[in-house]
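1. What follows is a predicted protein model with its sequence.
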Amino acid sequence: MIGLISATAAGAVARDRLATAWPDRTRVYEGPVADAVRAAFAECEQLVCFLATGAVVRLVAPLLGDKASDPGVVCVDEGGRFAVSLVGGHGGGANELAREVGGLLDALPVVTTATDAVGLPGLDTLGFPVEGDVAAVSRALLDDEPVALRAESPWPLPGLRVTAEGAYSIRLTDRLVEPAEREVVLRPPSLVVGVGASKGAPVDEVLGLVEAAVRDAGLSARSIAELATVDAKASEPGIVEAAERLGVPVVTHSAEELAAVEVPNPSGAPLAAVGTPSVAEAAALVGGGELLVPKRKSQRADGLPAMATCAVVRRPARGRLAVVGLGPGARDLLTPRAKAELRRASVLVGLDQYVDQIRDLLRPGTRILESGLGAEEERARTAVAEARKGQAVALIGSGDAGVYAMASPALAEASDDIDVIGVPGVTAALAAAAILGAPLGHDHVSISLSDLHTPWEVIERRVRAAAEADIVVTFYNPRSRGRDWQLPKALAILAEHRTPATPVGVVRNASRPDESGRLTTLAALDPATVDMMTVVTVGNTATRDIAGRMVTPRGYRWQEEPR
Ligand code: SAH
């Protein structure tokens, strides 16, 4: 039984909504709240108090006994905005109750126990169709009960705390199996169905054939990843419509490409019609994989010749490499998409200091492969190798992971047998610009002054080009202990084309706790105040200091107007 206690009119309204929705599960306790809480605590397995957390803490504190047997207590605030799991999160079921109450009252469930705060990998949000008892298995994951993972091939799942054996299970398979009790079945996108069709083949004939071929082979249609065919059939209505009804894309290949695929059942008819001896089998096999259903023709009730063929291939699992920019430092400059990818990962690869930046966001069960400075190519190789094994990998970098960072070394290693997902981040130049004002209002470039990977002559040539073209320049990696002459040299080149009064912004640790930003000039900048935590933005000839802010006009009007 759930005891309901409220003190105010608004509380009573919310309380009555619960009581009406769950007449058999709830009992309303009226009277002075202290007495009501005491009575409910003794009589009920759970309490929902429409009271401030402070009040409830004081009331239940003397009543608390044992974590395993105490009732779970949920508080709902006066505005009905939050359902807070206060005590008995697991044993008392308060976490689950907070979610249920939240769902019913449209309040945000607030759950602070460690496992839950990290968040549940919504089994239905992984992009794989899911069948079976999602609620029970999710709850088991939450409550740290043993959940066994049975994957027939290594499709990339997020970090899950799974075991070899368990009362609950997650099964990853394209086979036509019914989920057992306490089991969910996830359907990987493993099946490629090659389809051939004569002009005007009815959709029911195509779809019926595809579904029968998959079913007869003991496979689930929900694992179909795509219908594949020859270019010439790209807009054949029967194929297009069948794909639409299956919710999968039509992928087409040229006749030459298909003709080069070795197939068990070539024939003369498609060769004459579209220029390849096989459409269905070749289109299914063109990306590699195992032929599970060789060419099969449709059966027509009217006895007329078949108008469709199909073949089914199981393609190898594809790993997932997300290259994720974490932003300049502050948590609220980490994009929601980046956060989602971090939680989607089963393996995280990155520099130790960046891993520290987001460690609290990772799911328990995520494998962390961190390394120190340098080791960049090794990190890239590790990330790609893990993705090739079928893992969901997140490779992280500060700012944007594609800007002087991990994306290019990683993609240089990657082949087309993995999926690569790029998640942009707020790069240092932008974080600094927002602090300085609007220095990037017109054309701008970034130049790294690190000559570790780039010869100085190349860097100098680019600085000179930017100087001559009057482009605003942001210097990354401007100065380190061992590299102190490059910044003065670069500034001198710019000074050949810009006045000594040109505004220069110096931003150190943008969006980090010890952030600092200052505006100075080409003549006044002291390079000793610049280090590796800093970016330096040099204005163009139109950039001005306006009320202490660095502003580069957008170009039209301002410059033409007489001053
Ligand atoms: N991928 C990163 C850049 C890596 S290069 C990005 O997109 O921001 C490393 C250089 O970036 C540092 O030497 C510094 O010049 C600059 N940088 C990175 N984060 C910074 C921050 N929060 N504040 C100022 N400069 C930063």
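-> Sure thing, it's come through.
2. alpha carbons only for contacts and neighbour counts from here, please
-> OK.
3. what helix or strand does the residue nearest the centre of the chain sit in?
-> Centroid-nearest residue in the chain: E341, 2.5 Å away (criterion: CA atoms, centre = their mean). Using DSSP states H and E, E341 maps to helix 336-344.
4. next SSE after that helix?
-> Assigned by DSSP H and E, the successor of helix 336-344 is strand 347-351.
5. So is that following strand next to the ligand?
-> No. Against the ligand, strand 347-351 shows no contacts by CA under 6 Å from any ligand atom, the least distance being 11.7 Å.
6. Now do that strand against helix 336-344: the angle between them, please.
-> 120 degrees (axes from the mean of the first three to the mean of the last three CA atoms, to 10 degrees).
7. And the residue lying closest to A136 once chain neighbours are set aside, its phi and psi?
-> Using CA to CA, 6 or more residues apart in numbering and skipping the chain neighbours, the partner closest in space to A136 is R182 (6.3 Å). Main-chain torsions, R182, degrees, to the nearest 10: phi 60, psi 30.
8. and the gap between A338 and the ligand?
-> Distance, A338 to the ligand, by CA to the nearest ligand atom, to the nearest Å: 14 Å.
9. Next one, pLDDT for A83 please.
-> Listed pLDDT for A83 reads 95.
10. Check for me that it belongs to a helix.
-> No. Using DSSP: H, G, I helix; E, B strand; the rest coil, the assignment for A83 is strand, not a helix.
11. circling back to that earlier point, need the contact list for the residue nearest to the centre of the chain.
-> 322, 324, 394 (CA atoms under 8 Å, 6 or more residues apart in numbering).
12. can you list the residues of the stretch 351-500 of the chain near the ligand?
-> 397-401, 403-405, 427-428, 476-478.
13. Roughly how far does the residue nearest to the centre of the chain sit from P277?
-> If you measure E341 against P277 using CA to CA, to the nearest Å, the figure is 43 Å.
14. Would you mind confirming that G91 is in contact with G72?
-> Yes. If you go by CA atoms under 8 Å, G91 and G72 touch, sitting 7.3 Å apart.
15. okay, these two: which has more neighbours?
-> Taking other CA atoms under 10 Å, G91 and G72 do not tie; G72 has more neighbours (28 against 16).
16. Could you measure from the more buried one over to M1?
-> 11 Å.
17. Where does the prediction get shaky in the chain?
-> 90, 113-122, 124-125, 556-563 (pLDDT under 70).
18. give the contact list for P266.
-> Contacts of P266 (CA under 8 Å, 6+ apart): 277-278.
19. count of neighbours near L207?
-> By other CA under 10 Å, 21 other residues sit near L207.
20. isn't there a helix covering it?
-> Yes. Membership of L207 in a helix is supported by three-state DSSP.
21. Can you name the residues that contact it?
-> Counting by CA under 8 Å, 6+ apart, L207 has contacts 239, 242.
22. quick one: it and V347, what's the gap?
-> Distance from L207 to V347, by CA to CA: 39 Å.
23. and the protein, which of its residues are near the ligand?
-> Residues of the chain lying close to the ligand by CA under 6 Å from any ligand atom are 328-329, 397-401, 403-405, 427-428, 476-478, 507-511, 532-535.
24. Mind telling me what element the closest residue to the ligand within the stretch 151-300 of the chain is part of?
-> Closest residue of the stretch 151-300 of the chain to the ligand, CA to the nearest ligand atom: P158 (24.8 Å). Using DSSP H and E, P158 maps to neither a helix nor a strand.
25. before we move on, the earlier item: by neighbours, which of the contacts of E341 wins?
-> For the contacts of E341, neighbours were counted using other CA under 10 Å, and A394 has the most, 31 neighbours in all.
26. Check whether that one sits in a helix, strand or coil.
-> strand.
27. residue contacts, it?
-> 321-324, 341-342, 345-349, 383.
28. Give the bridge partners for it, please.
-> On the basis of DSSP bridges, A394 is bridged to A322, L348.
29. Can you verify my assumption that the residue of the stretch 151-300 of the chain closest to the ligand contacts A392?
-> Yes. In this structure, P158 is within contact of A392 by CA under 8 Å, at 6.2 Å.
30. overlap in contacts of those two?
-> Contacts common to P158 and A392, judged by CA under 8 Å, 6+ apart, are 344-346.
31. any chance of these in JSON lines, with neighbour count too?
-> JSON lines is the format used below for the shared contacts of P158 and A392 (neighbours: other CA atoms under 10 Å):
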{"residue": "R344", "neighbour count": "26"}
{"residue": "A345", "neighbour count": "27"}
{"residue": "S346", "neighbour count": "25"}
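32. thinking again about what came up before, and the helix holding E341, how far from the chain's centre?
-> Put simply, helix 336-344 sits 4 Å off its chain's centre (CA atoms, centre = their mean, to the nearest Å).
33. Common neighbours of G72 and M1, please.
-> With CA under 8 Å, 6+ apart as the test, G72 and M1 both reach 45-46.
34. Give me the distance between the two termini of stretch 520-531.
-> Terminal residues of stretch 520-531 lie 16 Å apart, using CA to CA.
35. Strands along the stretch 101-250 of the chain, start to end?
-> Per DSSP state E, counting those that start in this stretch, the stretch 101-250 of the chain carries strands over the ranges 108-110, 130-132, 147-151, 168-172, 183-186, 191-197, 224-230, 250-253.
36. residue contacts, the spatially closest residue to L157 that is not a sequence neighbour?
-> Nearest residue to L157 in three dimensions, chain neighbours excluded: A392, at 6.0 Å (CA to CA, 6+ apart). Neighbour list for A392: 156-158, 319-322, 344-347, 386 [criterion: CA under 8 Å, 6+ apart].
37. any idea how far A392 is from L351?
-> Distance of A392 to L351, computed by CA to CA: 18 Å.
38. got the end-to-end distance for stretch 296-303?
-> Stretch 296-303 stretches 16 Å from its first residue to its last (CA to CA).
39. Name the residues of it that come out as buried.
-> 296-299 (16 or more other CA atoms under 10 Å).
40. That stretch: how far from the chain's middle?
-> Computed by CA atoms, centre = their mean, the chain-centroid distance of stretch 296-303 equals 45 Å.
41. Give me the contacts around it.
-> With CA under 8 Å, 6+ apart, stretch 296-303 has contacts from 205-206, 208-209, 213, 306-311.
42. Drop anything exposed from those residues.
-> Of these, these count as buried by 16+ other CA under 10 Å: 205-206, 209, 213, 306-311.
43. What about L440, how many residues nearby?
-> Neighbours around L440, by other CA under 10 Å: 27.
44. same question, L63
-> 13.
45. Can you give me the end-to-end span of stretch 194-208?
-> Using CA to CA, the end-to-end distance of stretch 194-208 comes out at 14 Å.
46. Equivalent analysis for stretch 100-112, please.
-> One end of stretch 100-112 sits 16 Å from the other (CA to CA).
47. Please name the nearest non-neighbouring residue to G3.
-> L47 is the one closest to G3 (CA to CA, 6+ apart), at 4.6 Å.
48. Let me know the helix or strand that the one you found is in.
-> Here L47 is assigned to strand 46-50, by DSSP H and E.
49. For that strand, list the C-alpha coordinates in PDB.
-> The C-alpha trace of strand 46-50 is given here as PDB (Å, rounded to 0.1, in the frame of the first residue of the first chain):
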ATOM      1  CA  GLN A  46       5.700   3.300   0.400                       C
ATOM      2  CA  LEU A  47       4.800   6.900   1.100                       C
ATOM      3  CA  VAL A  48       4.300   9.800  -1.200                       C
ATOM      4  CA  CYS A  49       4.500  13.100   0.700                       C
ATOM      5  CA  PHE A  50       3.300  16.300  -0.900                       C
END
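50. Need the residues that contact it.
-> With CA under 8 Å, 6+ apart, strand 46-50 has contacts from 1-7, 11-12, 14-15, 40-41, 56, 71-78, 92-94.
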